[in-house]
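Enquirer: Got a sequence here, can you build the structure:
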Amino acid sequence: MKVSVEEFLKKRKESKPSYVFDVRGMDEYGDDHLTGAHSLPFEFMESNLHRLPFSGDLLFYDGGEGIAKQASDILYENGFSDYFYVDEGLETLKEALQTSEHDVKLTCTSEDPKEVQMEAIQNLLDFEINPMVAAHGGHFSLIDIADNNIYVELGGGCQGCGMVDVTLRQGVEKRMREVFPDMAALIDQTDHAGGDNPYFQAGK
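Expert: Next up is the predicted model:
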């Protein structure tokens, strides 16, 4: 379904969950892309349909050359329903973000109020981390930020996983430091010995 740029940005921020896909080439994606967007080059789309989430809003954009509409046609033919695209392309989206109330905050410092820090880290979880780990049945919940320490709890497939420390230290912690350079430590408060495989639910 075609939507306006503003509708696209609103769904990107408010839909829980939402997944943004850049259908340009990998080199173009590497040069620049929307924060939190996943690279899905159009040429590889049909062979990767089985990897797309079947719940939540799927949002597609390109460089303004009409590829996003072709991607939506493929989704329609394969039974997807909650998918949306814009014709205008990345540059128009970026320009709109400069004045839109639907921009996604993904930076903070130790000087920012706690609510700003919480918003930035929650957005990181919602737009980047949780969509990635949801493919393995897991999710991260933000518990608190205090004295520049970020406290998280892991659920689903991440709870009790033997690779969780690698995921935390080599992946999540590295990305969090990019968003919050003043972070002192990422602290996992999960009871990895207990739990009943809780389901993923994006933060509000």
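
Enquirer: how about the strands of this protein, start to end?
Expert: Using DSSP state E, the strands of the chain run over 18-22, 38-39, 57-61, 83-85, 138-146, 149-156, 185-188.

Enquirer: what's the fourth one in contact with?
Expert: What that stands for is strand 83-85. By CB atoms under 8 Å, 6 or more residues apart in numbering, the surrounding residues in contact with strand 83-85 are 1-3, 7-8, 11, 57-61, 68-69, 71-72, 75-76. Every residue, glycine included, has its C-beta placed from N, CA and C.

Enquirer: Please convert the buried members of those into PyMOL selection syntax.
Expert: Command for PyMOL that selects the buried part of the contacts of strand 83-85, burial taken from 16 or more other CB atoms under 10 Å:
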select buried, resi 8+11+57+58+59+60+61+68+71+72+75
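
Enquirer: So which of the contacts of strand 83-85 are in helices?
Expert: 7, 8, 11, 68, 69, 71, 72, 75, 76 (DSSP state H).

Enquirer: what's the fourth one in contact with, if anything?
Expert: Looking back up the chat, that one is residue 68. 23, 60, 61, 62, 85, 86, 87.

Enquirer: Show me what the closest residue to it other than its chain neighbours bridges to in the sheet.
Expert: Nearest non-adjacent residue to residue 68, counting by CB to CB, 6 or more residues apart in numbering: residue 85, 3.9 Å away. Here residue 85 sits in beta bridges with residue 2, residue 60, going by DSSP bridges.

Enquirer: Give me the pLDDT for the residue nearest to the spatial centre of the chain.
Expert: Centroid check for the chain by CA atoms, centre = their mean gives residue 127 as the closest residue, at 2.0 Å. You'll see residue 127 listed with a pLDDT of 76.

Enquirer: what's the answer for residue 19, then?
Expert: pLDDT recorded at residue 19 is 86.

Enquirer: pLDDT score for residue 119?
Expert: As predicted, residue 119 sits at a pLDDT of 88.

Enquirer: rewinding a little: state the distance from the residue nearest to residue 68 to residue 70.
Expert: Distance of residue 85 to residue 70, computed by CB to CB, to the nearest Å: 9 Å.

Enquirer: Those two - which one has more neighbours?
Expert: Comparing residue 85 with residue 70 by other CB atoms under 10 Å, the one with more neighbours is residue 85, at 24 against 15.

Enquirer: how about the helices in this protein?
Expert: Using DSSP H, the helices of the chain run over 5-14, 26-31, 67-77, 90-97, 114-124, 130-134, 164-166, 173-179.

Enquirer: and this protein, what are its domains?
Expert: Each domain of the chain is listed here as a residue range: 5-97, 114-188, per automatic domain parsing.

Enquirer: With distance to residue 103 added, can I get those domains in CSV?
Expert: Shown next, in CSV, are the domains of the chain (distance: least, CB to CB, whole Å):
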stretch, distance to residue 103
domain 5-97, 5
domain 114-188, 10
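
Enquirer: low-scoring pLDDT stretches of the chain, where are they?
Expert: Scanning the chain for pLDDT under 70 picks out 102, 134-137, 156-170, 191-204.

Enquirer: just to revisit the earlier point, pick out whichever of the contacts of residue 68 sits closest to residue 94.
Expert: Comparing the contacts of residue 68 against residue 94 with CB to CB picks out residue 61 as the nearest, at 10.3 Å.
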